[in-house]
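>>> Curious how this folds, go ahead:
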Amino acid sequence: MLGSMTSNVPLNELGEFLKKRRSQLSPRTVGLPSTSRLRRVDGLRREEVAQLASISTDYYTRLEQGRMQASAPVLDTLARVLHLDDDERGYLFQLAGRTTVRTRRRGVQKVQPQLQRVLEDLTSVPAMIQGRRGDILAWNVLAAALVTDFSHIPEKHRNYPRLLFIEPAMRGLYADWETAAYVTVAQLRMEAAKYPEDPRLIALVGELSMRDQQFAQWWGDHRVAARTVGTKTLIHPVVGEVTLDCDTLTANTDPDQYMTVWTAAPGSPAHDRLRILASWAADQNLPASSGWEA
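Next up, the predicted model:
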């Protein structure tokens with residue numbers, strides 16, 4: 001799992017992704033006739049994928065073995081043959097190097113001033129700014145009250161995926177922790193396609209794979225997901241169960257930096273609970289952050 005990020009990374013990852021996806025499809029799913037012949041592999045055979053994509057079996061085999069680059073038209077066809085959704089198709093193209101210019105070194109990430117100003121103006125809803133790998137760059141008081149007091153966490157460990165899997169309190173915070181954690185792994189997988197040589201990302205995946213069996217399993221599934229709007233139900237120790245809408249705002253000046261905001265419709269029970277949470281946070285004197293570098 002981790003090793004696939006460290007040697008001939010993009011092509012090896014592309015091959016692993018293709019193998020995983022064809023193993024999850026049955027001949028009937030893709031319109032191939034059923035036979036009584038015993039199948040030695042789960043899902044589709046290489047030759048069946050090649051047939052459906054109108055390419056040679058040797059060509060497809062070389063793709064899976066990480067021994068050649070795929071053209072954009074072939075990638076497009078494979079995405080259709082393997083029934084990839086939009087996120088998975090984008091991931092496939094990223095692994096093939098067709099959409100992203102890779103850089104060996106990434107500079108220090110600073111909170112973008114525009115996002116910082118928005119964060120400081122948000123006093124009635126929880127919000128935090130995240131960067132590459134899900135690093136937590138800044139947060140407001142309500143985010144500290146809703147999720148955890150990030151100021152008590154060492155800067156090098158202020159990473160949301162890490163907190164989800166390492167901190168016991170985070171497992172109890174989400175009503176459906178498994179879904180939240182699984183989606184987080186899928187989003188991290190998407191980022192790994194963009195920056196496969198990021199040493200901190202490699203170290204994070206290695207640590208979580210060693211410490212948590214579920215993370216290791218989900219990472220090996222090669223599922224991917226983009227950041228989108230959604231709804232999360234939390235079981236908060238102060239205000240109880242609260243269901244909030246989640247959205248992300250991306251900085252145009254740094255696409256790898258985004259703000260997560262939790263909101264509730266005015267007059268709803270969740271909105272009332274946020275007001276109670278704000279009052280409690282004021283009593284606790286919880287600190288916000290003005291941002292840090294990662």
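>>> going forward, measure contacts and count neighbours with C-alpha atoms only.
OK.
>>> can you count the residues close to the nearest residue to Ala50 once chain neighbours are set aside?
Spatial nearest neighbour of Ala50, chain neighbours left out: Thr57 (5.2 Å); criterion: Cα to Cα, 6 or more residues apart in numbering. Thr57: 17 surrounding residues under other Cα atoms under 10 Å.
>>> After the strand ranked longest in the chain, which helix or strand is next?
Ordering each strand of the chain by length in residues (DSSP state E) puts strand 240-251 first. Downstream of strand 240-251, the next assigned helix or strand under DSSP states H and E is strand 254-263.
>>> Enumerate the positions of that next one that are buried.
Buried residues in strand 254-263, defined by neighbour count with 16 or more other Cα atoms under 10 Å: 257-263.
>>> still on that earlier bit, show me which positions of the longest strand of the chain end up buried.
Neighbour counts using 16+ other Cα under 10 Å place 241-244, 246-248, 250-251 of strand 240-251 among the buried residues.
>>> what residue lies at the spatial centre of this structure?
Centroid-nearest residue in the chain: Gln187, 1.2 Å away (criterion: Cα atoms, centre = their mean).
>>> residues in contact with it?
The contact partners of Gln187, by Cα atoms under 8 Å, 6 or more residues apart in numbering, come to 224-227.
>>> Was I right to think the residue nearest to Ala50 contacts Arg45?
No. The pair Thr57 and Arg45 does not pass the contact test of Cα atoms under 8 Å, sitting 9.9 Å apart.
>>> and the buried residues of strand 240-251, which two are the farthest apart?
Greatest spatial distance among the buried residues of strand 240-251 (Cα to Cα): Glu241 and Ala251, at 31.2 Å.
>>> Quick one: low-confidence residue ranges for the stretch 151-294 of the chain.
Under the criterion pLDDT under 70, the flagged ranges of the stretch 151-294 of the chain are 290-294.
>>> In it, mark out all the helices, start to finish.
Secondary structure of the stretch 151-294 of the chain, counting by DSSP state H, counting those that start in this stretch: helices at 160-166, 168-173, 177-194, 199-211, 213-220, 269-284.
>>> Please identify the most buried of these.
Of all those, helix 177-194 carries the top mean neighbour count, a mean of 20, counting by mean count of other Cα atoms under 10 Å.
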